[in-house]
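> next one to model:
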Amino acid sequence: MQFRQQALAKLQSPEELDLPVRFARPQGWLVLSVTVVVMAAASVWAVTGSVSSTVSAPAILTHGEGSYVLQSPVSGQITAVLAEEGAQLPANSPVLRVRTASGDSVVRSVAAGRLTALAATIGQIIGTGTNIAAIEKVARASDPLYATVYVPAESAATIPANAAVDLTVQTAPTQQYGVLRGHVKSVDRAPQTQTQIGAFLGDSQLGEQFTKNGRPVAVLVKLDKSSSTKSGYRWSSTEGPPFGLTSMTLASGSIRLADQRPVDWLLP
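Below is the predicted model of the structure:
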């Protein structure tokens, strides 16, 4: 009862009618201001900003024209191996000597290139059409390297021209040397089969490896050059690895796709 009388007396008293009413503390106004600024910035970014995404896929370093598999045109026994792995061969160079039923025959290279693999030994019996060597079609050892990234077919259409590419090279640990830089030169129009990839790389096992998750699209990447690195190409680190790069080195490529808007506005 006493509390009720005090409350009624306080309501009837005009002592504090002229004092301002405090709706919020200064800390509350600060929080509200920050919230409004953040919401405004988010709205502007939603309209004008973009989201970057990447697609990652297996890759391999090669010279631009790829390789070919040299097959024996005759049947017989190998009596001599006339070329060594790693040798640069002119077109029509002797690779093997084979003793056939009609006499000795020499198996020669079809086009100029570097002998990357030799699957023949003296005394071996081979038949017509036997794969005996893989030769990379390159005129000079100093010719530039490219990277071929085998991208899933459903992602190929989103790759823009000249897109930036980061390559993790198998022989150069990323933690120590960083990634190899490059840009997209071209994107194939159609997915490739295991046979097509194997023929281009001169290795049927690689064809199988790159198609184990389906038929991919080949993306040719031009490596960025640099005169300040040992390899002659640009890396995310200052110097890159202290050695040169060789063709047929496996890698993993990360390709930057076209930027996308975070919000799609629907107009009436």
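> where are the low-confidence patches of the stretch 151-268 of the chain?
Counting by pLDDT under 70, the stretch 151-268 of the chain has low-confidence residues at 258-268.
> how about the strands in it?
Using DSSP state E, counting those that start in this stretch, the strands of the stretch 151-268 of the chain run over 164-169, 180-187, 216-223, 249-256.
> residues in contact with residue 120?
Neighbouring residues of residue 120 by Cβ atoms under 8 Å, 6 or more residues apart in numbering: 78, 81, 96, 126, 132, 133. Heads up, the C-betas are built off the backbone N, CA and C, glycines and all.
> nearest to residue 223, of these?
Of all the contacts of residue 120, the one sitting nearest residue 223 is residue 133; the distance, using Cβ to Cβ, is 26.7 Å.
> what bridges to the closest one?
Listed beta-bridge partners, residue 133: residue 70, residue 118 (assigned using DSSP bridges).
> count the residues that sit near it.
Other residues within reach of residue 133, judged by other Cβ atoms under 10 Å, total 25.
> show me what contacts it?
Listed by Cβ under 8 Å, 6+ apart, the contact partners of residue 133 are 69, 70, 83, 95, 109, 115, 117, 118, 119, 120.
> go again with 10 Å.
Residues near residue 133 by Cβ atoms under 10 Å, 6 or more residues apart in numbering: 67-72, 81, 83, 85, 89, 95-96, 107, 109, 115-120, 202.
> are any of those residues buried, and if so which?
Applying a neighbour-count criterion of 16 or more other Cβ atoms under 10 Å, the buried members of the contacts of residue 133 are 67-70, 72, 81, 83, 89, 95-96, 107, 109, 115-118, 120, 202.
> mind listing which of the residues you listed are in strands?
With DSSP state E as the criterion, strands contain 67-70, 81, 89, 95-96, 107, 115-118 from among the buried ones among the contacts of residue 133.
> quick check, nearest of those to residue 194?
Distance to residue 194 across those (Cβ to Cβ) is lowest for residue 69, with 13.7 Å.
> surely the closest one touches residue 205?
No. Checked against Cβ atoms under 10 Å, the pair residue 69 and residue 205 is beyond contact range at 11.9 Å.
> need the residues touching each of those two.
Among the neighbours of residue 69, those also in contact with residue 205 (Cβ under 10 Å, 6+ apart) are residue 198.
> ok, now which ones touch residue 113?
Under the criterion of Cβ under 10 Å, 6+ apart, the contact list for residue 113 reads 63, 65-68, 70, 87-91, 93, 134-139, 202.
> likewise residue 229?
For residue 229, the residues meeting the contact criterion (Cβ under 10 Å, 6+ apart) are 177, 180, 235, 237, 238, 239, 240, 241, 242, 244.
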